[in-house]
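Trainee: Provide a 3D model corresponding to the input given below.
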Amino acid sequence: MRFVSLVISGRTLFSLAASLWPFTMTGNTAQRAMMCPGCQSYVERADKKNLCVRCTICTSRTGCTYEFCWNCRREWKGPVSALKCANDGCGKQEVSPPNPLVLCHPEFKRDKLQKEKNDIYPMTDKNPARKRLALLINNIEFQYSDDRVGAEKDELSMEKLFEGLGYTVVTLRNLSSKGMDAAMRDFSQREEHKMSDSCFVVFMSHGNASGLNGIFDQEGDDVFSTNDIFKHLNTPNCAGLRDKPKIILIQSCRGEDDGDVYVQDSGNQRLQTEHREKDFCCLRSCTPDTVSYRNTEKGSDFIQDIVEIFNQYAHQDHIEELFRKVLKKFKETHRRQMPCKERTTLSKRFYLFPGL
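Mentor: The predicted structure is shown next:
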C-alpha cells in the first residue's frame, strides 16, 4: 500500500497537539505528527518506513488525492521511497545557497513610518504572534491538456521568496475548478488572518479569457473564475483581512493572441459602511486575450522576474513600485508579453520591510 496516515488534529487543536507530541525531536522522520503543508492539520504517520503520507482533509476538500513527503514536507512527487521523494533537494544534506533577499534596515523602516505613517499600511513587527499566510496553487498536470513543465521551478522560487518575507506558505497542486474554489474559501476563513497584516495569493495554471483552467478542463467545463478570488477575500467574506493589503499574482494565458506587434519607431465599534472590495492589488502575467510564456527548464518569465525584483528591491520599494519594475523589465527584455495590474484598490503604500 502506498500510504498510511491518520489526521489527528485540526488547526483549532494546535495547543493540544503541541502538548501531546514531541515536535522538538530532531529530524522530520523522528516526529510522530507533522503539519500537512496543504491544510495545516496535523497528520500521524502509522508506517514509520513510509515517507509518502496522504492527508484525508486535503483529499476530501479538493476532490483529488493529496499526498506529501514526511521528509521535506512538500507535495509528494515520484515513486515511493523510504529515503526521499522526487522533489528537488529532498534527502540532500548539502548547504543551501544564501538567500538572495536583501533585508530592510530598521532605520529605513523608522524613517518611512515617521514621514509617511498615514500613507502606509500598518505592518506588524516580526514576532512569534504574527501569522502571515500565502496561498500558492500550482496546476502542473492536466488530464486533457499539456502539462506545465517547468512550473515546479516557479513554485520553489515563490515559496523561498515568501518564506524570506515572513509568510507561511500553503502550497496546493493540481486542483479542479471546484478544488480551487474550496481552497480559496478555506483560506479566507483561516484564523491566522486575524494575527496577520497582509496576505499573498498566487495562481499558476493554464487559462483563457474566462478564467483559470482546472486539471480536468477539456472544452471550458472546468474553469475557475478569477472574480471568485476577490469574492472570497472581500470585506464581507474575509473579516480577518479587512483593511489589510491582499496581493494576488496570476500566471496564466488569457487567450491565444501574441502580445507583440510590428510598429514604426516613435477602528471603532459603531456601525459603518465599507466598500465591498478594497485593499487589493492584482498583477497578472499578461494582458487580456494574450498568451504567457514559460521555459520548461527555468520556469515562467513572470514568476522568475517577480522573485528577482522582490529580492533586490523589496527592502526599499512599496508593492506597486515593485510591480512597476517588473513591467519595466518585461518591456526591456520580454517584449512578446506584458503583465498588467487589475482591480487595484490599495489606498496606501504597502511596504514589506523584509526581515523586520
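Trainee: Which stretches in this structure count as helices?
Mentor: For the chain, the helices defined by DSSP state H occupy 14-20, 56-62, 106-116, 151-164, 177-188, 227-233, 301-313, 319-333.
Trainee: Redo these as JSON lines? Include mean pLDDT and distance to residue 198.
Mentor: To be clear about C-beta, it is placed using only N, CA and C from the backbone, and glycine gets the same treatment. Listed next are the helices of the chain as JSON lines, based on pLDDT from 0 to 100; distance: least, CB to CB, whole Å:
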{"stretch": "helix 14-20", "mean pLDDT": "31", "distance to residue 198": "22"}
{"stretch": "helix 56-62", "mean pLDDT": "82", "distance to residue 198": "24"}
{"stretch": "helix 106-116", "mean pLDDT": "95", "distance to residue 198": "15"}
{"stretch": "helix 151-164", "mean pLDDT": "95", "distance to residue 198": "11"}
{"stretch": "helix 177-188", "mean pLDDT": "96", "distance to residue 198": "14"}
{"stretch": "helix 227-233", "mean pLDDT": "98", "distance to residue 198": "11"}
{"stretch": "helix 301-313", "mean pLDDT": "97", "distance to residue 198": "14"}
{"stretch": "helix 319-333", "mean pLDDT": "97", "distance to residue 198": "9"}
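Trainee: Take the ones you listed and lay them out in TSV including distance to residue 75 and mean neighbour count.
Mentor: Formatted as TSV, these follow (distance: least, CB to CB, whole Å; neighbours: other CB atoms under 10 Å):
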stretch	distance to residue 75	mean neighbour count
helix 14-20	22	13
helix 56-62	9	19
helix 106-116	35	13
helix 151-164	9	20
helix 177-188	13	21
helix 227-233	21	19
helix 301-313	17	21
helix 319-333	27	16
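Trainee: Only alpha carbons, please: show stretch 146-160 as PDB.
Mentor: Written as PDB, here are the backbone C-alpha positions of stretch 146-160 (Å, rounded to 0.1, in the frame of the first residue of the first chain):
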ATOM      1  CA  ASP A 146      -0.200  19.600 -22.000                       C
ATOM      2  CA  ASP A 147       1.500  19.500 -18.600                       C
ATOM      3  CA  ARG A 148       3.000  22.800 -17.500                       C
ATOM      4  CA  VAL A 149       6.600  21.500 -17.500                       C
ATOM      5  CA  GLY A 150       8.900  23.900 -15.600                       C
ATOM      6  CA  ALA A 151       6.200  25.200 -13.200                       C
ATOM      7  CA  GLU A 152       7.900  23.400 -10.400                       C
ATOM      8  CA  LYS A 153      10.700  25.900 -10.600                       C
ATOM      9  CA  ASP A 154       8.200  28.800 -10.200                       C
ATOM     10  CA  GLU A 155       6.700  27.100  -7.200                       C
ATOM     11  CA  LEU A 156      10.100  26.700  -5.500                       C
ATOM     12  CA  SER A 157      11.100  30.200  -6.200                       C
ATOM     13  CA  MET A 158       7.900  31.700  -4.800                       C
ATOM     14  CA  GLU A 159       8.000  29.500  -1.700                       C
ATOM     15  CA  LYS A 160      11.500  30.700  -0.900                       C
END
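Trainee: got the end-to-end distance for stretch 55-72?
Mentor: Distance across stretch 55-72, first residue to last, is 15 Å (CA to CA, to the nearest Å).
Trainee: and it, how far out from the chain's middle?
Mentor: From the chain centre to the centre of stretch 55-72 is a distance of 17 Å (CA atoms, centre = their mean, to the nearest Å).
Trainee: Offset the numbering so it begins at 16, please.
Mentor: Right, with 16 as the first residue, what we last looked at is stretch 70-87.
Trainee: Just give me the neighbour total for the spatially closest residue to residue 104 that is not a sequence neighbour.
Mentor: Using CB to CB, 6 or more residues apart in numbering and skipping the chain neighbours, the partner closest in space to residue 104 is residue 87 (6.7 Å). Residue 87: 20 surrounding residues under other CB atoms under 10 Å.
Trainee: Isn't residue 87 up against residue 103?
Mentor: No: applying CB atoms under 8 Å, one finds residue 87 not in contact with residue 103, separated by 9.1 Å.
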